[in-house]
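J.: I'll drop the sequence and a predicted model, then ask my questions.
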Amino acid sequence: MKVTVLGYWGAFPWNGEGTSSYLLEADGFSLLIDAGSSTLNVLQEQLDPLTLDAVIISHYHHDHIADLGVLQYYRQLKPKGLPIPILPIYGHQEDKGHYESLTLPGVSEGRPYVEGEPLDIGPFRLGFLRTVHPVTCFAMRIEEIKTGKVLVYTADSGHLAAFKEFNEGADVLIADTYLLEGQENHHAHFTSKEAGLMAREGRIKTLILSHLPQEVDLDLLREQAQHHAGEQVAVLLAQRNLTLTI
Ligand code: ZN
């Protein structure tokens, strides 16, 4: 499977780049993971959004759903009469208003996911973990069924011991790393130290630091994460169109 970073800033777009959004592809199937601001523009560099097969949303903070509405409009208006499939958009149901907004009749259909219940979407099998965040949010462990390769996306979270088991043996971990070392046990986000330690404990091969903070020394953020992850983990800063084949 192939993962591509579309947007990577936390909270708001910055210097022409957008917020949390990732494209996961395998066997001709494309899954959009979160739809932050700038998603639609960057997605068009990768594929025609009319061919997108499914979307999954970790939580309903604006920096993860900002472009969801315009993606619905794109598919509603762009085809000019050409039939395109209803787009499944997966989200949790603990925020009724936002969940209902995933459905736009004739265009997209909201579908629920639940912690503890594995969910198959195309070639992927997903598991979920409720995170530490001010609103209900779920991390995702995504396995490509055919190969057994695993991507974990923490979504937004502060330190949570359960990640140790959730991350175990993943090939790639995309971690919310919004804070420098020294602010551990934050109520909403990981620090560079916590992201690095998670990667070490989970025996992760590649750690992608994402949901990045603006106006912070990102080289320092990466160095701190690398220090705690250990030399066996490749630690990368997320950037637009960064692509990894897993
Ligand atoms: Zn959030």
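T.: Looks like it arrived, so ask away. Numbering: from 1, shown residues only.

J.: most distant residue from the middle of the chain?
T.: Of all residues in the chain, residue 81 has its C-alpha farthest from the mean position, at 31.9 Å, by C-alpha atoms, centre = their mean.

J.: look up how far residue 120 lies from that residue.
T.: Residue 81 is 32 Å from residue 120, where distance means C-beta to C-beta, to the nearest Å. C-beta coordinates here come from the backbone N, C-alpha and C atoms, glycine included.

J.: same thing with residue 166?
T.: 18 Å.

J.: those two: which has the busier surroundings?
T.: residue 166 (21 against 10; other C-beta atoms under 10 Å).

J.: how about the residues of the chain near the ion?
T.: 61, 156 (C-beta under 5 Å from the ion).

J.: show me the contacts for the spatially most central residue of the chain.
T.: Residue closest to the average C-alpha location in the chain (C-alpha atoms, centre = their mean): residue 33, at 4.7 Å. Taking C-beta atoms under 8 Å, 6 or more residues apart in numbering, we find residue 33 in contact with 21, 22, 23, 24, 55, 56, 58, 140, 153.

J.: repeat that for residue 236.
T.: With C-beta under 8 Å, 6+ apart, residue 236 has these contacts: 206, 207, 208, 209, 222, 242.

J.: where does it land in three-state SS?
T.: strand (DSSP: H, G, I helix; E, B strand; the rest coil).

J.: try residue 207
T.: From three-state DSSP, the assignment for residue 207 is strand.

J.: in CSV, list the contacts of residue 236 along with pLDDT, distance to residue 51 and neighbour count.
T.: Formatted as CSV, the contacts of residue 236 follow (pLDDT from 0 to 100; distance: C-beta to C-beta, whole Å; neighbours: other C-beta atoms under 10 Å):
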residue, pLDDT, distance to residue 51, neighbour count
206, 98, 27, 18
207, 98, 30, 28
208, 98, 25, 26
209, 98, 30, 27
222, 98, 34, 20
242, 98, 21, 16
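
J.: what are the ranges of the helices in the protein?
T.: 39-43, 62-65, 68-77, 96-101, 163-167, 192-201, 218-229 (DSSP state H).

J.: with respect to burial, which of the ones you listed scores highest?
T.: helix 192-201 (a mean of 25; mean count of other C-beta atoms under 10 Å).

J.: ok, and what's touching it?
T.: Residues contacting helix 192-201 (C-beta under 8 Å, 6+ apart): 154, 159, 163-164, 167, 173, 175-177, 179-182, 184, 190, 204, 207, 209, 220-222, 224-230, 232-233, 235.

J.: hang on, the earlier thing: present the helices of the chain as JSON lines; the columns should include distance to residue 109.
T.: Output for these, formatted as JSON lines (distance: least, C-beta to C-beta, whole Å):
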{"stretch": "helix 39-43", "distance to residue 109": "19"}
{"stretch": "helix 62-65", "distance to residue 109": "16"}
{"stretch": "helix 68-77", "distance to residue 109": "11"}
{"stretch": "helix 96-101", "distance to residue 109": "11"}
{"stretch": "helix 163-167", "distance to residue 109": "28"}
{"stretch": "helix 192-201", "distance to residue 109": "34"}
{"stretch": "helix 218-229", "distance to residue 109": "38"}
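
J.: got any ranges where the protein has weak pLDDT?
T.: Across the chain, nothing is flagged by pLDDT under 70.

J.: now do the strands in it.
T.: 2-7, 21-26, 29-33, 54-56, 87-91, 108-112, 119-121, 124-130, 138-144, 150-153, 172-176, 206-210, 234-237, 243-245 (DSSP state E).

J.: pick the most deeply packed of those strands.
T.: strand 172-176 (a mean of 28).

J.: relative to strand 2-7, how tilted is that one?
T.: 20 degrees (axes from the mean of the first three to the mean of the last three C-alpha atoms, to 10 degrees).
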